[in-house]
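> Pasting the sequence and the predicted model now:
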Amino acid sequence: MQVDLLIQARWIIPVEPAGVIHENHSLVVDDGKIINLLDTASAMQKYQPRALETLDQHVLIPGLINCHTHAAMSLLSGIADDLPLMDWLQNHIWPAEQKWVSESFVRDGTDLAIAEMLRGGTTCFNDMYFFPDIAAQQAVEHGIRANIGLIVFDFPTVWAENAEAYLSKALALHERLRHEHLISTSFAPHAPYTVSDEPLRKMLTFADELDSTIHMHVHETRHEVDEQLQKNGQTPLQRLHELGLLTPSFMAVHMTQLSADDIRFYAETGGHIVHCPESNLKLASGFCPVAACLEAGINVALGTDGAASNNDQDMLAEMRVAALLAKGVSGNASAVSAMQALQMATLNGAKALGLDDKIGSLLVGKAADVVAIDLSDVETQPVFNPLAQLVYAASRHQVSDVWVAGKRLLNKRQLTTLDLQDLRQRAAVWQQRLAGF
Ligand SMILES: CSC[C@H]1O[C@@H](n2cnc3c(O)ncnc32)[C@H](O)[C@@H]1O
Ligand SMILES: [Zn+2]
C-alpha cells in the first residue's frame with residue numbers, strides 16, 4: 001500500500017496508551033494523519049512510502065503543546081528582568097506595549113517565537129496577544145498549529161478602545177478563522193483584575209453560543225487574590241464561578257494561589273489549569289500545587305508564558321522544571337513522573353484546548369504532529385530509559401525533525417518555512433528601535 005510517509009524510529013512514546021514505549025517501530029502517515037503504528041519489519045512489508053525517514057537513534061513523541069504564551073513578546077525578551085509581576089507589567093511591559101506594539105511588531109515577534117518553538121519541538125501554541133489576526137496569519141503561513149486568543153480588556157489598548165470593541169473584533173475574527181484547519185480560537189479575557197463583570201457576562205454568552213473555550217490568567221499572585229478579597233470580599237475564583245465562567249471549557253493559567261478547598265472546588269467545575277512553572281519562578285509569583293491538582297482529577301497542561309517573563313519558549317525545559325518543582329514542593333520524589341510531565345506537555349494541552357480528538361498523542365486517526373529527538377549525543381547516553389532521558393536530560397538542541405499535520409517543518413534542524421537570517425535581521429531592527437526605551 002502506498003502512503004505519504006513512514007518514519008522508522010528507535011523508540012516511539014505515543015503518550016496514549018500511557019506508559020507504553022515501543023522499540024524499533026514505525027509511524028505511518030498519509031494525508032496528514034497517522035494511519036498506523038507498528039513494528040518496523042511489518043511496516044516495511046506492508047507499506048510503500050513515498051518518503052521514508054530512518055531515525056535509528058531517536059525517540060518519537062507527539063508534538064509539544066505550549067498551552068499559554070504571548071508569542072510576539074519574544075521581541076521583549078530581556079527588557080525587564082528580576083521584577084515581581086505587577087511592577088514588571090505596569091511599569092515596564094504595558095508602557096512598552098503601548099508605545100511599540102503594532103501589526104508589524106506582532107508579525108515579527110510571532111515569527112521569532114514560531115521559529116524558536118518549532119526548533120524546540122512545539123507544534124501547537126495557545127496564544128494571547130494584541131493583533132491576534134496577525135498571529136493567526138503567521139501561524140498559517142509557517143504551518144504551525146495555533147489556538148488564537150480573542151483578547152478582552154476593560155480599558156483601551158493598541159488593539160481596541162473599550163470592552164464593546166474587543167468583543168466585536170473577537171466575533172469578527174472568530175468568523176474569519178473558522179475554516180482554517182490549523183487554527184482554533186478561544187476567548188481570552190486577560191485577568192480578573194483587568195476585566196469587569198459586565199464584559200465577562202457578555203463574553204460568556206458569546207462563548208456559549210460558539211461553543212468556545214476561554215483562556216485567562218487566574219490566581220497568578222498572592223497580591224491578585226488579596227486585592228480582590230479586600231475589594232469584593234471574594235477571591236477571583238469565587239467571582240468567576242459566580243459569573244458562570246468555570247466550566248470544562250475554561251483554562252485557568254498560573255493558579256499559584258490555591259487552598260485545599262480551592263483545589264477540591266475547581267476540580268468539580270471540570271476546568272483546566274495551565275501551569276507555567278518557569279514564569280512563576282522568575283516573577284516569584286509562587287507555584288501551582290500540581291501534584292495535589294492532578295490527584296484531585298484536574299487536567300493540568302503546560303505553558304511557557306511570554307518570553308519577556310520566561311525568557312524562552314522551550315517546552316522541554318518547562319517539562320523538566322514542572323517535574324522537578326512538583327517533587328520539591330510536595331516532598332515526594334514520585335510526584336509528577338516523567339510520563340506525567342510528558343502528558344502535561346502533550347495530551348493534557350490538547351484536552352484543555354478541546355483538541356484531543358485531533359492532537360496530543362500518536363493514536364491512529366490523529367493528525368501527524370510529530371517530533372523526533374536525537375538521543376545519540378553523549379549528554380543523553382546511555383539510554384536505559386528514553387523517557388527519563390527525554391524529560392530529565394535532553395535539551396531542545398536535540399530536536400531534529402518536526403512535522404505538523406504530516407508536513408515537515410524542521411528537517412535535520414533546518415526550518416523549512418522560516419529563514420533564520422531574516423529573523424535575526426528583523427529582531428535587530430526592533431532591538432534598535434526599542435534600545436532607548
Ligand atoms: C491580552 S494581551 C496579553 C497581555 O498579557 C500580558 N502578560 C504577559 N504575561 C503576563 C502574566 O504573566 N500575567 C499577566 N499578564 C501578562 C501581556 O504583556 C499583554 O499585555
Ligand atoms: Zn501570560
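Good, I have the coordinates. Ligands and ions are numbered 1, 2, ... in the order given.
> and stretch 314-327, how far from the chain's centre?
Mean-position distance between stretch 314-327 and its chain equals 14 Å (CA atoms, centre = their mean, to the nearest Å).
> Residue 19 in helix, strand or coil?
Under DSSP: H, G, I helix; E, B strand; the rest coil, residue 19 falls in the coil class.
> Might one say that it is in contact with residue 337?
No. With contacts counted by CB atoms under 8 Å, residue 19 stays clear of residue 337, the gap being 9.4 Å. All C-beta spots, glycine's among them, are computed from the backbone N, C-alpha and C.
> And those two? Which one has more around it.
More crowded of residue 19 and residue 337, by other CB atoms under 10 Å: residue 337, with 17 against 11.
> wait, what's in contact with the more buried one?
residue 323 (CB atoms under 8 Å, 6 or more residues apart in numbering).
> likewise the one 3 residues further on?
Counting by CB under 8 Å, 6+ apart, residue 340 makes contact with 294, 323.
> Ligand 1 contacts on the protein?
For the chain, the residues in contact with ligand 1 (CB under 6 Å from any ligand atom) are 70, 85, 89, 93, 97, 128-130, 151, 190-191, 217, 220, 279, 305-306, 309.
> could you pull out the strands for the stretch 251-400 of the chain?
Ranges of strands within the stretch 251-400 of the chain are 272-275, 300-302, 370-374, 399-404, based on DSSP state E, counting those that start in this stretch.
> Tell me which other helices or strands the first one touches.
Applying 3 or more CB pairs under 8 Å, 6 or more residues apart in numbering; DSSP states H and E, we find strand 272-275 packed against strand 250-254, helix 290-295, strand 300-302, helix 347-352.
> What is the last one packed up against?
It refers to helix 347-352. Short answer (3+ CB pairs under 8 Å, 6+ apart): helix 347-352 packs on strand 64-69, strand 122-127, strand 272-275, strand 300-302.
> got the contact list for that helix?
Outside helix 347-352, the residues touching it (CB under 8 Å, 6+ apart) are 15-16, 62, 64-67, 124, 126, 213, 251, 272, 274, 299-302, 356, 358-361.
> can you check the second one too?
Here helix 290-295 makes contact (CB under 8 Å, 6+ apart) with 255, 258, 260, 263, 266-267, 273, 275, 300, 322, 325-326, 329-330, 332, 335-336, 340, 344.
> and if we set it to 6 Å?
263, 273, 275, 300, 326, 330, 335, 336 (CB atoms under 6 Å, 6 or more residues apart in numbering).
> which of the strands of the stretch 251-400 of the chain sits most buried?
Among the strands of the stretch 251-400 of the chain, strand 272-275 has the highest mean neighbour count (mean count of other CB atoms under 10 Å), at a mean of 29.
> ok now that one, how far from the chain's centre?
With CA atoms, centre = their mean, you get 10 Å for strand 272-275.
> Which segments of this structure make up each domain?
According to automatic domain parsing, the chain comprises the domains 2-62+364-405, 64-352.
> okay if I get the helices and strands packed on strand 272-275 as TSV plus mean pLDDT?
What follows is the helices and strands packed on strand 272-275, written out as TSV (pLDDT from 0 to 100):
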stretch	mean pLDDT
strand 250-254	99
helix 290-295	98
strand 300-302	99
helix 347-352	99
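> Of those, which is nearest residue 55?
helix 347-352 (22.0 Å; CB to CB).
> re earlier: out of the strands of the stretch 251-400 of the chain, nearest to residue 233?
Using CB to CB, the nearest of these to residue 233 is strand 272-275, at 24.5 Å.
> Of all residues in the protein, which one is nearest the centre?
For the chain, the residue whose C-alpha lies nearest the mean C-alpha position (CA atoms, centre = their mean) is residue 66; its distance is 1.5 Å.
> Look up the residues forming beta bridges with the closest residue to that one other than its chain neighbours.
Sequence neighbours aside, residue 125 is the residue nearest to residue 66 in space, at 4.3 Å (criterion: CB to CB, 6 or more residues apart in numbering). On the basis of DSSP bridges, residue 125 is bridged to residue 66, residue 146.
> tell me the strands in the stretch 1-150 of the chain, going along the chain?
Under DSSP E, counting those that start in this stretch, the stretch 1-150 of the chain gives strands at 2-12, 22-30, 33-39, 48-62, 64-69, 122-127, 145-152.
> roughly how far out does the fourth one sit from the chain middle?
When you say that, I think you mean strand 48-62. 25 Å.
> Give me the helices and strands touching it, please.
strand 2-12, strand 370-374 (3 or more CB pairs under 6 Å, 6 or more residues apart in numbering; DSSP states H and E).
> tell me what the last one is packed against?
Counting by 3+ CB pairs under 6 Å, 6+ apart, the packing neighbours recorded for strand 370-374 are strand 48-62, strand 399-404.
> what about these, which gets the closest to residue 380?
Between the helices and strands packed on strand 370-374, strand 48-62 lies closest to residue 380; by CB to CB that is 9.3 Å.
> Name all residues that make contact with the closest residue to residue 72 other than its chain neighbours.
Leaving aside its sequence neighbours, residue 72 sits nearest to residue 109 (CB to CB, 6+ apart; 3.2 Å). Residue 109 is in contact with 72, 74, 75, counting by CB under 6 Å, 6+ apart.
> Go again with 8 Å.
With CB under 8 Å, 6+ apart, residue 109 has these contacts: 71, 72, 73, 74, 75, 76, 430.
> Adding pLDDT, neighbour count and distance to residue 351 as columns, could you present the residues you listed in JSON lines?
Shown next, in JSON lines, are the contacts of residue 109 (pLDDT from 0 to 100; neighbours: other CB atoms under 10 Å; distance: CB to CB, whole Å):
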{"residue": "71", "pLDDT": "99", "neighbour count": "31", "distance to residue 351": "22"}
{"residue": "72", "pLDDT": "98", "neighbour count": "28", "distance to residue 351": "26"}
{"residue": "73", "pLDDT": "98", "neighbour count": "29", "distance to residue 351": "25"}
{"residue": "74", "pLDDT": "98", "neighbour count": "28", "distance to residue 351": "26"}
{"residue": "75", "pLDDT": "98", "neighbour count": "28", "distance to residue 351": "31"}
{"residue": "76", "pLDDT": "98", "neighbour count": "25", "distance to residue 351": "30"}
{"residue": "430", "pLDDT": "98", "neighbour count": "18", "distance to residue 351": "35"}
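> List just the nearest of the residues you listed to residue 197.
residue 73 (28.1 Å).
> Which stretches in the stretch 51-200 of the chain count as helices?
85-87, 94-100, 103-119, 132-142, 163-177, 197-210 (DSSP state H, counting those that start in this stretch).
> Pick the most deeply packed of these.
Of all the helices of the stretch 51-200 of the chain, helix 103-119 carries the top mean neighbour count, a mean of 24, counting by mean count of other CB under 10 Å.
> Could you tell me the angle between the direction of it and that of helix 132-142?
Helix 103-119 runs at 40 degrees relative to helix 132-142, counting by axes from the mean of the first three to the mean of the last three CA atoms, to 10 degrees.
> Appreciated, that's everything.
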